[in-house]
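Engineer: Got a predicted structure here, sequence first:
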Amino acid sequence: MKFLTPIFLLLTAIIIHIAIFRLAPKMGLVKLNYKKTPIMASYGIAAFGYIAAILVALALLGYGGWRETELYLAVMGAMWALGAADDIFGNRDVGGFKGHFKKLLLERQLTTGAFKAIGGGCVGIAAGWFVSGGNPVKWALAALLIPLASNILNLFDLRPGRAVAVFFFGLGVTCIRAGAQLAAPWLIGSIAIVAMAFGVLDSRAKAMMGDSGSNALGAAMGLAMVTNTGIVFQISAIIIIVAIHLYSEKRSVSALIERNPVLKSIDRRLGVR
């Protein structure tokens, strides 16, 4: 009997997956990619269903703790919801933190991008308090790193396979740093497996991760960092991510990759170009 609920959860995720992909045109989720080819622009909406089903199923079967499962699902779920709202209702006429908050402060217009940024900050503050144990330094770092990591994947989701590669790079560095002390490896591994499966579509330019996918996976990456690494690692990660964000406000990250022979060579191996 204990296997029936996990099977039901997986079947539910499959049904939701099929429904979302079939309704994608009506939901405005079929958009032009960088090659002006119409594709599913937010497979993250469906991917999170599999992540939730697998994590809950593993916990029910006794392969993981409910505390870690609830933490990851709550943080990823909140970021996923904010990203999904931006995918479905967002306006791409405005981009970047500066553009969205300029719209909010000068024109009194709340864009979905600004709403997502504010909501993401609130999620980071709440999650940071939960994982910090009340330590103010750890709280501040987690409150910054989780939303920043969530958004950095979105920043790179402009070419096939790029955002997924950033996710696995960040997760890989975190796992190496944590070593045998890695917390909840079963949980992180399950998320990585789903990301890899959907990443095949991404790298082949058959679908894009979208804000829903990049925000959820980025949040998982950030959460893994704050629960498995020390203060120096987290500060370094924050500095690097902030630097990339600041650069992207004025210049194109894609153009930078194209100009640099090493980055260009790596980028060509991540997906079709």
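Structural biologist: Alright, I've got the coordinates. Numbering: from 1, shown residues only.

Engineer: and stretch 147-158, what's its mean pLDDT?
Structural biologist: Computed over stretch 147-158, the mean pLDDT rounds to 93.

Engineer: Now that stretch: buried residues?
Structural biologist: 147-157 (16 or more other CB atoms under 10 Å). In this view, the C-beta of every residue, glycine as well, is placed from N, C-alpha and C.

Engineer: Run through who's touching that stretch.
Structural biologist: Residues outside stretch 147-158 that contact it (CB atoms under 8 Å, 6 or more residues apart in numbering) are 34, 79, 83, 117, 120-121, 123-124, 162-163, 165-167, 170, 208-211, 213-219, 221-222, 225, 237-238, 241-242, 244-245, 248, 253-254.

Engineer: May I see the ChimeraX selection of the buried members of these?
Structural biologist: A single ChimeraX command selects the buried members of the contacts of stretch 147-158 (16+ other CB under 10 Å):
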select :79,83,117,120,123,124,162,163,165,166,167,170,208,209,210,211,213,214,215,216,217,218,219,221,222,225,237,238,241,244,245,248,253
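
Engineer: Which of the contacts of stretch 147-158 fall in helices?
Structural biologist: 79, 83, 117, 120-121, 123-124, 162-163, 165-167, 170, 210-211, 213-219, 221-222, 225, 237-238, 241-242, 244-245, 248, 253-254 (DSSP state H).

Engineer: Please report how far Ala19 lies from Ala163.
Structural biologist: Noted for Ala19: a distance of 24 Å to Ala163, by CB to CB, to the nearest Å.

Engineer: do the same with Ala197
Structural biologist: 15 Å.

Engineer: ok, now which ones touch Arg269?
Structural biologist: Per CB under 8 Å, 6+ apart, neighbours of Arg269: none.

Engineer: when you give positions from now on, start the count at 46
Structural biologist: Yep, numbering from 46; the last one is Arg314 now.

Engineer: Need the per-residue pLDDT for it.
Structural biologist: At Arg314, pLDDT is 91.

Engineer: again, but for Ile99
Structural biologist: Reported pLDDT for Ile99: 94.

Engineer: how deep is it tucked in, by neighbour count?
Structural biologist: 20 (other CB atoms under 10 Å).

Engineer: Also the one 10 residues further on?
Structural biologist: If you count neighbours by other CB under 10 Å, Gly109 ends up with 20.

Engineer: Could you do Gly107 as well?
Structural biologist: 8.

Engineer: quick one, phi psi at the nearest residue to Gly255 once chain neighbours are set aside?
Structural biologist: With sequence-adjacent residues excluded and distances taken as CB to CB, 6 or more residues apart in numbering, Gly255 is closest to Ser87, at 2.9 Å. The phi/psi pair for Ser87 (degrees, to the nearest 10) reads phi -150, psi 70.

Engineer: can you pull the contacts of Ser87?
Structural biologist: With CB under 8 Å, 6+ apart, Ser87 has these contacts: 69, 74, 128-129, 132-133, 253-258.

Engineer: before we move on, what about Gly164?
Structural biologist: Applying CB under 8 Å, 6+ apart, the residues near Gly164 are 123, 127.

Engineer: again, 7 Å this time
Structural biologist: Leu127 (CB atoms under 7 Å, 6 or more residues apart in numbering).

Engineer: can you check Ala104 too?
Structural biologist: Counting by CB under 7 Å, 6+ apart, Ala104 makes contact with 111, 114.

Engineer: buried set for the host helix or strand of it?
Structural biologist: According to DSSP states H and E, Ala104 maps onto helix 89-105. Buried residues in helix 89-105, counting neighbours by 16+ other CB under 10 Å, are found at 89-105.

Engineer: how about low-confidence regions in the stretch 46-195 of the chain?
Structural biologist: Along the stretch 46-195 of the chain, the parts satisfying pLDDT under 70 run over 46-47, 137-152.
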